[in-house]
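Novice: pasting the sequence and the predicted coordinates here, then a few questions.
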Amino acid sequence: MAHYPAATLHGQSDYSPPCSKINYRKLIRHGKPATRCEITRLANKVAIVTGAGTRSANISGVGVATAKLFASHGAKVLIVDMNEEAANTTKRMIEEAGGEATTFIADVVQESACKALVDAAVERYGRLDILMNSVGIGGPGAAPDVTQELWNRVMDVDLKSMVFISKYAIPEMIKTGGGSIINVASVDGIRAAMTKNVPYAAAKGGMIAATRAMAVHHGRENVRVNCIAPGMIYTSMVEYVDDRKRKLRRDIAPLGTEGKAEDIAMAATFLASDESRWITGVLLPVDAGLMAAGPQSLINNLLDDYEYE
Ligand SMILES: NC(=O)c1ccc[n+]([C@@H]2O[C@H](COP(=O)([O-])OP(=O)(O)OC[C@H]3O[C@@H](n4cnc5c(N)ncnc54)[C@H](O)[C@@H]3O)[C@@H](O)[C@H]2O)c1
C-alpha cells in the first residue's frame, strides 16, 4: 500500500494522493495527515514514465511526481532516465512508500533504447498499459541563434522519443486490449513563450500534432493518446527562476496560484486511468487558465489599476 505524507496543494511539502473513501481535498486544504488510501485507479496496470529521475532534492520534476502518483494508485512503474542516480532516487522513494518500480537507464534519442525500454517493462511486468512521455529539455534561441546541433538534440529528445517509444509501446498495449499514452508538451507549443525558444516551441507543437494523429490512428485499437500542456509550473526544470519572476508567473494567470509538478501528475493520473476511457486526442492545458486568457485580461491580472470600467 502506498502512503505519502500530508501536504498543502500549493505548499512545499509532498502531495497526498487522492483516496476513494475520504474527502482528500478537505484533508489537503486543512493540511492534516492523509490516511492510507485504497488503491484502485491504476491497480494492475503497468506504466512507463520517461524523464522520471529525481534530479533536484528541493523540488519535483513532472516525471518523478507522476511516477510516484501512478505507483501510489497501484501501477507498477518503469522509471526511465539517463541519470542513474536520479532514477534510483525515484525508485527508492516509490519503494519506501510501498509502491513497485524498476529503473531503466538510457538516452531516449536512440531507437534501440526506445525498443529496449518497452521490452524491459513487458519482460519485468508482463504487459504495458500506460506510457507517459515526460522527458524533455529546453531549446532556447530565436531563429538567428539556432544551431543545427541544438535543433537536432531538442527534436530528438522532446519529439522523436515520444514517437519512437510509442512505436514499440502501441503493439504491446494492443495485445492486452488497449492503453493510454500521455504526452507532456507545453503551452509554449500553443502560443509564443516569454523566452525566445524556437526549437522547444517547434518540438512541443510537433508533440501536439503527433498526439492528435496517433489518437485517430489507434482509436479502434483502444489506444488512447492525449497531451498535457503544462503552463508556467515551478519544477526542477526551472529551479533557477528567482522569487520576483515566480511572483510574476503566479500573478499573470487567472487562478493567480503557482502550479507544481504534482498538478501535472494529477491530470496525467486521470488520463492514465479508466475514468478517462472516452477521452482521446485531447490537448489539456494545465496552466491556471493561461491559455483561456486574452492579452488584455493578462494585463488586468498584473496591474490593479488597469481595468476598464
Ligand atoms: N517545468 C516547466 O515549467 C515545464 C513547463 C511546460 C512543460 N514542461 C515539460 O514537462 C516535462 C518534464 O519537465 P520537468 O520539469 O520534469 O523536467 P526535469 O528537467 O526536471 O526532468 C527531466 C528528466 O529527464 C531526464 N532526461 C533528459 N534528457 C534525457 C534523455 N535524452 N534521455 C533520458 N532521460 C533524459 C533528465 O535527467 C531529468 O531527470 C518536459 O517535457 C518539459 O518540457 C515543463
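Specialist: The structure has been received and is ready for your questions. Numbers count the residues shown, from 1 in each chain.
Novice: so stretch 173-192, near the ligand or not?
Specialist: Yes - Stretch 173-192 reaches the ligand (C-beta under 6 Å from any ligand atom) through Val184, Ser186. No exception for glycine: its C-beta is placed from N, CA and C like everyone else's.
Novice: same deal with stretch 159-170?
Specialist: No - judged by C-beta under 6 Å from any ligand atom, stretch 159-170 and the ligand are separated, with a smallest distance of 6.9 Å.
Novice: contacts only, for the closest residue to the ligand within the stretch 1-150 of the chain.
Specialist: Relative to the ligand, the nearest point of the stretch 1-150 of the chain is Gly136 (2.1 Å; C-beta to the nearest ligand atom). Listed by C-beta atoms under 8 Å, 6 or more residues apart in numbering, the contact partners of Gly136 are Gly51, Val157, Asp158, Val184, Ser186, Met237.
Novice: what is the burial count for the closest residue to Pro199 other than its chain neighbours?
Specialist: Distances taken as C-beta to C-beta, 6 or more residues apart in numbering place Gly139 nearest to Pro199, at 3.1 Å, with adjacent residues excluded. A count of nearby residues for Gly139, using other C-beta atoms under 10 Å, gives 22.
Novice: what residues are up against Gly139?
Specialist: Leu150, Trp151, Arg153, Val154, Asp158, Asn197, Val198, Pro199, Tyr200, Ala201, Ala202, Ala203.
Novice: inside helices: which ones of those residues?
Specialist: The helices, defined by DSSP state H, take in Leu150, Trp151, Arg153, Val154, Val198, Pro199, Tyr200, Ala201, Ala202, Ala203 from these.
Novice: the protein: helices as residue ranges?
Specialist: Under DSSP H, the chain gives helices at 24-30, 62-72, 84-96, 111-125, 148-154, 161-175, 198-217, 243-252, 261-272, 295-302.
Novice: if any of the contacts of Gly139 are buried, give me the ChimeraX selection for them.
Specialist: Applying 16 or more other C-beta atoms under 10 Å to those, the buried members can be selected in ChimeraX as follows:
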select :150,151,154,158,197,198,199,200,201,202,203
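Novice: interface residues of the chain facing the ligand?
Specialist: 51, 53, 55, 61-63, 81-83, 86, 107-109, 134-137, 157, 184, 186, 230, 232-233, 235-238, 261.
Novice: out of those residues, which end up buried?
Specialist: Neighbour-count burial (16+ other C-beta under 10 Å) applied to the residues of the chain next to the ligand gives 51, 53, 55, 61-63, 81-82, 86, 108-109, 134-136, 157, 184, 186, 230, 232-233, 235-237, 261.
Novice: from those, which ones fall inside strands?
Specialist: Asp81, Val184, Pro230 (DSSP state E).
Novice: let's have these in JSON lines, adding pLDDT and distance to Met291.
Specialist: Converted to JSON lines, these look like this (pLDDT from 0 to 100; distance: C-beta to C-beta, whole Å):
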{"residue": "Asp81", "pLDDT": "98", "distance to Met291": "29"}
{"residue": "Val184", "pLDDT": "98", "distance to Met291": "15"}
{"residue": "Pro230", "pLDDT": "97", "distance to Met291": "11"}
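Novice: just to revisit the earlier point, just flag the most distant two among the ones in helices among the contacts of Gly139.
Specialist: Arg153 and Ala201 (15.1 Å; C-beta to C-beta).
Novice: quick check, pLDDT for Arg55.
Specialist: pLDDT for Arg55: 89.
Novice: which ones are touching it?
Specialist: Taking C-beta under 8 Å, 6+ apart as the test, what Arg55 contacts is Gly61, Asn83, Ala86, Ser236.
Novice: same list (these) but as JSON lines, adding pLDDT.
Specialist: Below are these laid out as JSON lines (pLDDT from 0 to 100):
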{"residue": "Gly61", "pLDDT": "95"}
{"residue": "Asn83", "pLDDT": "97"}
{"residue": "Ala86", "pLDDT": "97"}
{"residue": "Ser236", "pLDDT": "83"}
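Novice: name the nearest of those relative to Val286.
Specialist: Scanning the contacts of Arg55 for proximity to Val286, where the rule is C-beta to C-beta, the winner is Gly61, at 14.6 Å.
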